[in-house]
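Peer 1: Whatever this is, show me its structure:
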Amino acid sequence: MARREHQYERFETTSKEKIYKLGSMINDGFHHDPRRIAFTASRYKFVSKMLSSVDDVIEVGCGDGFMSRIVLQEVKHLDLTDFDESFIIEAQTFYSDEKRLEVFHHDLVRQPFSRAYNAIYALDVLEHVSPNNEAIFMENLALSLKRDGICIIGMPSIESQLYASEISRAGHVNCKNGETLREFMNLWFESTFIFSMNDEVVHTGFFPMSQYLIAVSTHPRFKNR
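Peer 2: Next up, the predicted model:
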């Protein structure tokens, strides 16, 4: 059936080229809480704008990789990693034809990456890292950055856990508040800027009323590259 408005005709060409299924994480969100997709997309958009035009970027904990394309739109090269191999297999199907992106399995608690990047970001990852492992996680992260490297960490605030679901709380073993996140990141980086989020809105508001926190840190203190 022909489109009634001319600007929509390109949909036919696009749909013939490739049809993407929702990633398993996004699919779950669509069924159980579709608003969460908007919140997640907003976090990835924030990262994409902070890292716009950066040469070499890697995501830690990419999950199914569905939202990572938002960052790929702005950076020159993007690698995706996760410690869960089932997610890596899924992400590889999304990006099998993408020349500016690589997907591979890696556990940052075990070792740093084999080369240094200009920027690393991890959204909804640190809160899943046991406090017993957070130091080695961050040391390996810092060792995987160049001297002027940028790190972006996003996580739910400790205050938000009062309203989190039982399933979420079970996995969130390491949430922090705004000040403790800043202090923690400054152990590994020279400078840290903390942003707050409520739903899809990023702001610089009062930390205890924030559902989500984003730390933007620069210049790692571990400079072996």
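Peer 1: low-confidence ranges in the chain?
Peer 2: Residues of the chain meeting the criterion pLDDT under 70: 1-4, 6-17, 222-225.
Peer 1: Show me where it has its strands.
Peer 2: 57-60, 78-82, 101-105, 117-123, 145-156, 189-198, 201-203, 212-220 (DSSP state E).
Peer 1: Any chance you could give me the longest one in PDB, C-alpha atoms only?
Peer 2: Listed next in PDB are the C-alpha coordinates belonging to strand 145-156 (Å, rounded to 0.1, in the frame of the first residue of the first chain):
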ATOM      1  CA  LEU A 145      42.400   4.900  29.400                       C
ATOM      2  CA  LYS A 146      44.800   7.300  27.800                       C
ATOM      3  CA  ARG A 147      46.400  10.100  29.900                       C
ATOM      4  CA  ASP A 148      43.600  12.600  29.000                       C
ATOM      5  CA  GLY A 149      40.900   9.900  29.000                       C
ATOM      6  CA  ILE A 150      37.300  10.400  30.000                       C
ATOM      7  CA  CYS A 151      35.100   8.100  32.100                       C
ATOM      8  CA  ILE A 152      31.300   8.300  32.400                       C
ATOM      9  CA  ILE A 153      29.600   6.200  35.100                       C
ATOM     10  CA  GLY A 154      25.800   6.100  35.500                       C
ATOM     11  CA  MET A 155      24.000   4.400  38.400                       C
ATOM     12  CA  PRO A 156      20.800   4.600  40.500                       C
END
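Peer 1: packing partners for it?
Peer 2: Secondary-structure packing of strand 145-156 (3 or more Cβ pairs under 8 Å, 6 or more residues apart in numbering; DSSP states H and E): helix 35-50, strand 117-123, helix 178-185, strand 212-220. The way it works is simple: take the backbone N, C-alpha and C, and place the C-beta from them, glycine included.
Peer 1: Among those, single out whichever gets nearest to residue 84.
Peer 2: strand 117-123 (13.8 Å; Cβ to Cβ).
Peer 1: Any idea how far that closest one is from the middle of the chain?
Peer 2: 8 Å (Cα atoms, centre = their mean, to the nearest Å).
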